[in-house]
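>>> whatever this is, show me its structure:
(one chain, ligands or ions: 2)
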Amino acid sequence: MANQNFLPLYEKNWYKHNYKRVTESLLLILLLLLLGYRVISVKNYSFPWFVALLCESWFTISWFFTLTTQWSPTVIKTYPDRLLQSVEEVPAVDMFVTTADPVLEPPIITVNTVLSLLALDYPPHKLACYVSDDGCSPLTFYALQEASKFAKFWVPFCKKYDVQVRAPFRYFSAKPQVSTVNNTTEFKQEWLHMKDMYDNLNHKIELVELQKSNPCHGEFDIFSNTERTNHPTIIQVICENKECLADGLPHLIYISREKKPKQSHHFKAGAMNVLTRVSGLMTNAPFILNVDCDMIVNNPKVVLHALCILLDSKGEKEVAFAQFPQQFYATLKDDPFGNQMAILIKYLTAGIAGLQGPFYSGTNCFHRRKVIYGLYPDSMEKGNSLSENELEQKFGDSKEIMKTSAHALEGKTYFPNHTNISIAIDIAAQVASCGYEQGTGWGKQVGWIYGSITEDKLLGLTIHEKGWRSELCTPNPIAFTGFAPGGGPIAMAQQKRWAIGLLEIFFSKHCPIFGTIFHKLTLRQCLAYMWIINYWGLKPLFELCYASLLSYCIITNSNFLPMDQGICISIAFFIIYKIYTISEYLSAGLSYRAWWNNQRMSRITRMNAGFCAFVCILLKLLRISDTVFDVTKKDVPLSDDVRDDKDAGRFTFDESLIFLPGTTMLLLQLTMMFIKVLGLQPLMPTTTHDGNGCGIGEIFCSVYLIICYWPFLRGLFETGKYRIPLSTIYKSIVLTCLFVHLSRKTVPA
Ligand SMILES: O=c1ccn([C@@H]2O[C@H](COP(=O)(O)OP(=O)(O)O[C@H]3O[C@H](CO)[C@@H](O)[C@H](O)[C@H]3O)[C@@H](O)[C@H]2O)c(=O)[nH]1
Ligand SMILES: [Mn+2]
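Ligands and ions are numbered 1, 2, ... in the order given. As a prediction, this is how the structure comes out:
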């Protein structure tokens, strides 16, 4: 199947940001200077001085992670035309969609994602779409059935008029694009007709949702007496392209794996493993695309772009997966919640792509099935034939799974009876049961690896550790777009989950440092993994500590920032860093406002989510409580013109403890200002050093922090969901008093 031509199917170009590199190095030098200054100025030695030294050392290490990660960015260009010329027949691709809760993830969203997949520009008989429903919801099933009926009209319409965005809610939310092809009455009529049909579909799904009348009759019988956490496996073939028609539709299969109460289901990773096995029995495609239920296809040629990488003669031997970035639709202006990650994608992700390859981000990714089955790059050429015994140990005792897995590992890409999907259902139900994985390699050496709620990073890491590379693919138009949760409890909980998951990886045997020492993770890739673990999980603690130090110094009238010329280093760092980040935003075509919003939000999210994640990890390490994957709530997207809503960019709060660190930090800084302004600081402590009280530097930082926490400051006085709940405020007051009291205790009378 490899590309016979000599022309590569994709090209990779490294580019240099010289100016950026110089600034980054300068910042590193300044940080080192500051550390050096702290160490040599013996006369300043004091408790705050040492804590500051510790935090700043960590910030220096963090900066080093960032610097190496974005040092050598790359961009690749794919050539789908060359691909089509060089292969006789394109390979099959299995597509996985996961959904977990019909309330948090309204079925209409999943339906749109599925429709955008069914309408891909790729031979439909080579595609199969598997939807995993961890919610075991008849509504989701019903919605998919209706969607499949609608798809019979929608897919031909999209292909006929070469529609770009094939998720109807996005397509109909914009005005129809007028071009010469579609500026006809015929098109206009069809457009109206399709819109009518879609509205009808939407209406039907909403109606069932409203009536909550679970349609538990006929085909829905299977859902009677089921509970979300207690039900047998349900697998239904919603649409089967039996004759393998090239103008038919892809197969569509609904799967709700067996659940039993009190059994660990491993959240999304568990769902992905069931999907892998069931699809292995049914279609066993050599490539797997997986998306979250809200990640719609935005570029119908994605499969071709991904295959350019995976089928390229070099890529075929080295590249395990092709990752597309996570980008978002219907985004708010100027990124008020700092969650659009534009800068992260532009600089850091591109930088990682220049190393061993981008992290697997859980969605928008094409995997090789054999790599998921545990293949090493060295076995790629000779193939990997396992004995009967080994197969059983790894893949479990289903004869069919053993057979199909062996096929996949040996690279026999076409499953012999790929038309007999319905026949496989009974066996499929068996491999989707909760007991199947017991004593097998699933979740350990095979499939999605268990042990972290950011299962994506963990799987990607184990693949990189085997010596595989990965590639980042950024076609134009953007490949996939998804839903970005706004600012407030939902986003905060998501950030916390990421932080927890990354810390879980750090504190496990899969820690990237071991990956470099004992396996084939390259050093710089290890540093890139350390960058992400640090950014979400570790650094927030030091930030919090640094911020508390500020308050401590103001209360005790001491200082931790240099009082002499040393302060120039800090000031220079602050100014250059700010200019550096502003220029990053401006050169990415973003505004000052977007820059400021991101600066501010990164203080807020890091401290709140990061600190809570740390507490959760402590509880886990102490075996007091385990971590859970809380699904992010997704809203049905509004059309483009409705989203100028003034309140959309306002921060919201709820009772959750996640806002406690931030609220406390704000109250603490405000109290400090009061103490300072009213002159309530203790007199100059009988210091051992030169005895300067707290200086202008501390005051400046404190004011800066208060400005960053503006949404919280407003939250103290707002109403409704924009208000910080009183219970949180009370708790923060108690903590603040405690902090002030303890700090004062340390001052000798
Ligand atoms: O028990 C579960 C929990 C979640 N999911 C699915 O997992 C996906 C991601 O969940 P979401 O709540 O949207 O989390 P995000 O934080 O938005 O997801 C990001 O982070 C996750 C890891 O924390 C990755 O798995 C995702 O791919 C990545 O997009 C969704 O399709 C869910 O339906 C399940 O199938 N079963
Ligand atoms: Mn999501």
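>>> from now on I want contacts and neighbour counts done on CA atoms only, so please keep to that.
Will do.
>>> and the residue of the stretch 351-500 of the chain that's closest to ligand 1?
In the stretch 351-500 of the chain, the residue that lies nearest ligand 1 is residue 362 (3.1 Å; Cα to the nearest ligand atom).
>>> surely that residue is in contact with residue 459?
No - counting by Cα atoms under 8 Å, residue 362 does not reach residue 459; the two are 9.0 Å apart.
>>> of those two, give the one with the bigger neighbour count.
A direct count of neighbours by other Cα atoms under 10 Å for residue 362 and residue 459 places residue 459 higher, at 25 against 20.
>>> specify the local secondary structure of the more buried one.
For residue 459, the assignment made with DSSP: H, G, I helix; E, B strand; the rest coil gives helix.
>>> I figured residue 21 was touching residue 71, is that so?
Yes - look at residue 21 against residue 71 with Cα under 8 Å: they come within range, at 6.9 Å.
>>> in three-state terms, label the residue of the stretch 351-500 of the chain closest to ligand 1 for me.
Assignment for residue 362 (three-state DSSP): coil.
>>> next, the buried residues of stretch 331-351.
For stretch 331-351, the neighbour count (16 or more other Cα atoms under 10 Å) marks 331-332, 334-340, 342-343, 346-351 as buried.
>>> wasn't residue 471 part of a helix?
No - using three-state DSSP, the assignment for residue 471 is strand, not a helix.
>>> now do the same contact list for the residue of the stretch 351-500 of the chain closest to ligand 1.
290-292, 455-457 (Cα atoms under 8 Å, 6 or more residues apart in numbering).
>>> same check, this time on residue 606
Taking Cα under 8 Å, 6+ apart as the test, what residue 606 contacts is 536, 540.
>>> now do the strands in the stretch 451-600 of the chain.
When secondary structure is read from DSSP state E, counting those that start in this stretch, the stretch 451-600 of the chain shows strands at 469-472, 480-482.
>>> of the ones you listed, which stretch is the most buried?
Ranked by mean neighbour count, the strands of the stretch 451-600 of the chain are led by strand 469-472 with a mean of 27 (mean count of other Cα atoms under 10 Å).
>>> could you give the average pLDDT over that strand?
Mean per-residue pLDDT for strand 469-472: 98.
>>> which other helices and strands does it contact?
strand 319-323, helix 350-353 (3 or more Cα pairs under 8 Å, 6 or more residues apart in numbering; DSSP states H and E).
>>> avg pLDDT for the last one?
Mean pLDDT, helix 350-353: 97.
>>> which strands or helices does that helix pack on?
Partner elements for helix 350-353 (3+ Cα pairs under 8 Å, 6+ apart): strand 74-78, strand 469-472.
>>> need the contact list for residue 483.
294-295, 328-330, 634-635, 637.
>>> same deal with residue 695?
559, 561, 563.
>>> neighbour-wise, give me the winner out of these.
residue 559 leads the contacts of residue 695 on contacts (other Cα under 10 Å) with 27 neighbours.
>>> now for that residue: which residues touch it?
48-49, 553, 692-695, 698.
>>> before we move on, back to that, okay, the strands of the stretch 451-600 of the chain in TSV with distance to residue 105 next?
TSV is the format used below for the strands of the stretch 451-600 of the chain (distance: least, Cα to Cα, whole Å):
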stretch	distance to residue 105
strand 469-472	28
strand 480-482	13
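>>> excluding chain neighbours, what is closest to residue 56?
Counting by Cα to Cα, 6 or more residues apart in numbering, residue 35 is the residue found nearest to residue 56 once chain neighbours are left out, at 7.1 Å.
>>> does that neighbour sit in a helix, a strand or a coil?
helix.
>>> residues contacting the helix or strand bottoming out on mean pLDDT in the chain, please?
Lowest on mean pLDDT, DSSP states H and E among the helices and strands of the chain sits helix 379-382, with a mean of 74. By Cα under 8 Å, 6+ apart, the surrounding residues in contact with helix 379-382 are residue 317.
>>> in it, what's buried?
Taking 16+ other Cα under 10 Å as the criterion, helix 379-382 shows residue 380 as buried.
>>> for the helices and strands packed on helix 350-353, could you give me a markdown table that also reports distance to ligand 1?
Formatted as a markdown table, the helices and strands packed on helix 350-353 follow (distance: least, Cα to the nearest ligand atom, whole Å):
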| stretch | distance to ligand 1 |
| --- | --- |
| strand 74-78 | 22 |
| strand 469-472 | 16 |
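>>> out of those, which gets nearest to residue 659?
strand 469-472 (35.1 Å; Cα to Cα).
>>> only alpha carbons, please: show that closest one as PDB.
The C-alpha coordinates for strand 469-472 follow below in PDB (Å, rounded to 0.1, in the frame of the first residue of the first chain):
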ATOM      1  CA  ARG A 469       6.800   9.900  16.300                       C
ATOM      2  CA  SER A 470       3.600  11.700  15.600                       C
ATOM      3  CA  GLU A 471       2.800  14.600  13.300                       C
ATOM      4  CA  LEU A 472       0.700  17.700  13.600                       C
END
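>>> parallel or antiparallel, which strands does it pair with?
Sheet partners assigned to strand 469-472 using DSSP bridges are listed as strand 319-323 (parallel).
>>> mind checking how far the strand it pairs with is from the chain centre?
16 Å (Cα atoms, centre = their mean, to the nearest Å).
>>> show me where the stretch 301-450 of the chain has strands.
Under DSSP E, counting those that start in this stretch, the stretch 301-450 of the chain gives strands at 319-323, 327-328, 365-368.
>>> low-confidence ranges in the stretch 351-500 of the chain?
382-384, 413-419 (pLDDT under 70).
>>> again, only using 80
380-385, 411-420, 422-423 (pLDDT under 80).
>>> residues in it within reach of ligand 1, list them.
361-363, 453-456, 494, 498 (Cα under 6 Å from any ligand atom).
>>> which pair in those spans the largest distance?
363 and 494 (15.2 Å).
>>> rewinding a little: surely the residue nearest to residue 56 meets residue 53?
Yes - with contact defined as Cα under 8 Å, residue 35 reaches residue 53; the gap is 6.6 Å.
>>> neighbour count: the two, which is higher?
residue 53 (20 against 17).
>>> export the host helix or strand of that one to CSV, keeping only CA atoms.
Using DSSP states H and E, residue 53 sits in helix 47-69. C-alpha atoms of helix 47-69 as CSV (Å, rounded to 0.1, in the frame of the first residue of the first chain):
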residue,chain,number,x,y,z
PHE,A,47,12.6,33.5,55.4
PRO,A,48,10.8,35.3,52.6
TRP,A,49,14.1,35.5,50.7
PHE,A,50,14.5,31.7,50.7
VAL,A,51,10.9,31.1,49.7
ALA,A,52,11.3,33.5,46.9
LEU,A,53,14.5,31.8,45.8
LEU,A,54,12.7,28.5,45.8
CYS,A,55,9.7,29.8,43.7
GLU,A,56,11.9,31.7,41.3
SER,A,57,14.1,28.6,40.8
TRP,A,58,11.0,26.8,39.8
PHE,A,59,9.9,29.6,37.5
THR,A,60,13.3,29.4,35.9
ILE,A,61,13.0,25.7,35.3
SER,A,62,9.5,26.3,33.9
TRP,A,63,10.8,28.9,31.6
PHE,A,64,13.4,26.5,30.4
PHE,A,65,10.7,23.9,29.6
THR,A,66,8.8,26.5,27.6
LEU,A,67,11.9,27.7,25.8
THR,A,68,13.0,24.2,24.6
THR,A,69,9.5,23.3,23.7
